[in-house]
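J.: Quick one, what's the 3D model for this:
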Amino acid sequence: MSEAGDRWNARYADATDVVPVPARVLQCGAQWLPENDPDDALRALDLACGRAGNGQWLAERGHRVTAWDISERVIEQIRQRRPALIAQCEVRDVCAQPPSADSFDIIVVTRFLDRALCPAIAQALKPGGVLFYQTFTHGLSNADYLLEPNELLDLFDTLSILEYHEPEPDASGKAEAQLIARRS
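T.: You can find the predicted model right below:
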């Protein structure tokens, strides 16, 4: 296991599996989800999923969800949920093994940032696929994981922007940019 995997396993070691609410970008931008065909569910990826609140929310709406995270512990928790709604859970270092091109109709990424992975994320969308991305602009101690102003727009400049919000920090000093973009 990698150092990052060990760190995240420790974080989830004593935690109960509480499914978090989906990210604001997904809840507020739900009108941008591609229309799901009940006979052939759209493929969605909850990348660096944590407890997979986003994936669970998408699965409840009929999407075929894949959830990837570097933590073995959190993936095992998701696998043990009843009812099991997420179609596929995988321990995966997404930086070492990015998603394949043209493989997902929907990709959700929240509170995760690896700039070098962004081109692969954009290419992993099928034509017409939609990306929902939300991560920090303020409020973290490690500046490597903070976006610069409008940086998310630049990181996904090959996609058509549907919505973008970059709020000012709240009372706690935190803020997260929210991007919804479609591959042409």
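J.: Partner strands of the biggest strand by length in the chain and their direction?
T.: In the chain, taking DSSP state E as the definition, the longest strand is strand 125-138. Using DSSP bridges, the strands paired with strand 125-138 are strand 104-110 (parallel), strand 175-182 (antiparallel).
J.: which of those strands sits most buried?
T.: Ranked by mean neighbour count under mean count of other CB atoms under 10 Å, these are led by strand 104-110, which reaches a mean of 25. (Each C-beta comes from the backbone N, C-alpha and C, glycine too.)
J.: Can you give me the buried ones in the longest strand of the chain?
T.: Across strand 125-138, burial judged by 16 or more other CB atoms under 10 Å covers 125-126, 129-138.
J.: pLDDT averaged over it - what is it?
T.: In this model, strand 125-138 has an average pLDDT of 98.
J.: Between the two ends of stretch 55-64, what distance do you get?
T.: 9 Å (CA to CA, to the nearest Å).
J.: Please shift the residue numbers so they start at 59 in all later answers.
T.: Shifting the count to begin at 59 puts that one at stretch 113-122.
J.: how much space is there between the closest residue in space to residue 120 that isn't next to it in sequence and residue 159?
T.: Using CB to CB, 6 or more residues apart in numbering and skipping residues adjacent in sequence, the residue nearest residue 120 is residue 94, 5.0 Å away. According to CB to CB, to the nearest Å, residue 94 and residue 159 sit 22 Å apart.
J.: now do residue 166
T.: As it turns out, when the distance is counted by CB to CB, residue 166 lies 18 Å from residue 159.
J.: Repeat that for residue 208.
T.: Residue 208 sits at a distance of 26 Å from residue 159 (criterion: CB to CB).
J.: need the contact list for the residue nearest the centre of the chain.
T.: Per CA atoms, centre = their mean, the C-alpha nearest to the average position across the chain is that of residue 167, at 2.0 Å. Counting by CB atoms under 8 Å, 6 or more residues apart in numbering, residue 167 touches 105-106, 179, 189-193.
J.: hmm, 6 Å instead?
T.: Residues near residue 167 by CB atoms under 6 Å, 6 or more residues apart in numbering: 105, 191.
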